[in-house]
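In: structure of the sequence below:
(one chain, ligands or ions: 2)
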Amino acid sequence: KLVSREFKNEDTIVDVGGVLVGGVNLVVMAGPCAVESREQLLESANIVKAAGAQFLRGGAFKPRTSPYSFQGLEEKGLEMLAEARSLTGLKVVTEVVDIQSVPVVSAYADVLQIGARNMQNFQLLKAVGKSGMPVLLKRGMAATINEWLHAAEYIMSEGNFNVMFCERGIRTFEDYTRNTLDLSAVAALKNLSHLPVIVDPSHGTGVWKLVRPMARAAVAGGADGLMIEVHPNPAEALSDGNQSLTPENFQALMQETSAVAQAV
Ligand code: PEP
Ligand code: MN
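Out: Ligands and ions are numbered 1, 2, ... in the order given. As a prediction, the model looks like this:
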């Protein structure tokens, strides 16, 4: 299989417009769960840029559990992400939720995010494969490592090798945390596959106090990058405020994870 170390032993480095994912440098993708307004997004972008992140994250199309929750600003949100990119130089990673919106999201974003709920949407996987865009493939909340590898294979079988895995926690009996962050998956994937592995301790725990320790652990365990939710004022976030870091906590996370990266 294309995803496997047997097919390709050397680590894949995904080049996102000059920012390299995989290999030696730790990359950080950070920003709000959702793009809420121009002010909120530009403030978030300045915060994560100043702290040293390379990517701005933010959902414009939000796959919410309830249809009555905030669904995202859609194309207006994409325009704001592109504006934030031109002001800061950050690369943009944002979710694409269906086949029809692959062209519009590709027109604004640097990386297409496939969310946990769509990990086995095989038609969508083929479409992002055909797009040739870098893809961040989140783990399905009940997906095995083998199923996840096959999802990556769907993208790669369309000729697109610019795929990054993102561990974001799986559903277990434990309900203190929102999900159970499976850090053993990082080591397993690094053995099985040549593709880069990103860890999202925000969705992986659902609890902001657990995000910094799990980010440190992820880097110590060999993650190539982190995805972190950051909000200028988490208490007022329209989604995922409980797991979003304040600017101060995000700065601390950046310092401590770069220290861990130097040590390992
Ligand atoms: C997100 O990153 O905002 C998101 C919805 O994540 P997941 O698909 O991992 O739940
Ligand atoms: Mn979120």
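
In: would you quantify the distance from the closest residue to ligand 2 within the stretch 101-250 of the chain to V105?
Out: Ligand 2 sits closest to D240 of the stretch 101-250 of the chain, with a gap of 3.7 Å, by C-beta to the ion. For every residue, glycine as well, the C-beta is placed using N, CA and C. Distance of D240 to V105, given as C-beta to C-beta, to the nearest Å: 20 Å.

In: those two: which has the busier surroundings?
Out: Each of D240 and V105 has its neighbours counted (other C-beta atoms under 10 Å); V105 has more, 26 against 20.

In: helix or strand: which one has that one?
Out: helix 102-108 (DSSP states H and E).

In: so is that helix next to ligand 1?
Out: No: using C-beta under 6 Å from any ligand atom, we find that helix 102-108 stays clear of ligand 1, coming within 13.8 Å at best.

In: how far does that helix sit from its chain's centre?
Out: 17 Å (C-alpha atoms, centre = their mean, to the nearest Å).

In: again with stretch 149-162
Out: Centroid displacement of stretch 149-162 relative to its chain, using C-alpha atoms, centre = their mean, is 17 Å.

In: what pLDDT does G23 get?
Out: If you check G23, the pLDDT there is 87.

In: roughly how far does it sit from I198?
Out: G23 is 13 Å from I198, by C-beta to C-beta.

In: quick check: residues of the stretch 51-200 of the chain near ligand 1?
Out: 59, 63, 115-117, 138, 168.

In: residues touching the residue of the stretch 101-250 of the chain closest to ligand 2, list them.
Out: 33-34, 202-203, 229 (C-beta atoms under 8 Å, 6 or more residues apart in numbering).

In: K62 too?
Out: K62 makes contacts with 33-34, 69-72, 95, 239, as judged by C-beta under 8 Å, 6+ apart.

In: returning to what we had before: identify the contacts common to G23 and I198.
Out: With C-beta under 8 Å, 6+ apart as the test, G23 and I198 both reach D224.

In: neighbour count winner among the two?
Out: Between G23 and I198, counted using other C-beta under 10 Å, the more crowded position is I198 (26 against 12).

In: helix, strand, or coil at that one?
Out: What DSSP: H, G, I helix; E, B strand; the rest coil gives for I198 is strand.

In: which residues touch it?
Out: Neighbour list for I198: 21, 27, 29, 136, 164-167, 223-227 [criterion: C-beta under 8 Å, 6+ apart].

In: dump the residue contacts of the nearest residue to K62 once chain neighbours are set aside.
Out: Spatial nearest neighbour of K62, chain neighbours left out: G72 (3.9 Å); criterion: C-beta to C-beta, 6 or more residues apart in numbering. Contact partners of G72, counting by C-beta under 8 Å, 6+ apart, are 34-35, 59-62.

In: what is the burial count for M119?
Out: Other residues near M119 come to 25 when the count uses other C-beta under 10 Å.

In: next one: phi and psi at it?
Out: Per-residue torsions, M119: phi -60, psi -30 (degrees, to the nearest 10).

In: so how far is M156 from it?
Out: Distance check for M119 against M156: by C-beta to C-beta, it reads 15 Å.

In: could you report the neighbour count for S202?
Out: Residue crowding around S202 was assessed by other C-beta under 10 Å; the count is 30.

In: surely it and H231 touch.
Out: No: at 10.4 Å, S202 does not count as touching H231 under the criterion of C-beta atoms under 8 Å.

In: shared neighbours, those two?
Out: Common neighbours of S202 and H231, using C-beta under 8 Å, 6+ apart, are 33, 244-245.

In: and these, which of them are buried?
Out: 33, 244-245 (16 or more other C-beta atoms under 10 Å).

In: out of these, which one sits closest to ligand 1?
Out: Set against ligand 1, the nearest of those by C-beta to the nearest ligand atom is C33 (5.0 Å).

In: next one: the closest residue to the closest one other than its chain neighbours relative to R178, how far apart?
Out: Nearest non-adjacent residue to C33, counting by C-beta to C-beta, 6+ apart: D240, 3.8 Å away. Per C-beta to C-beta, D240 is found 9 Å from R178.

In: for D200, same thing?
Out: Distance, D200 to R178, by C-beta to C-beta: 11 Å.
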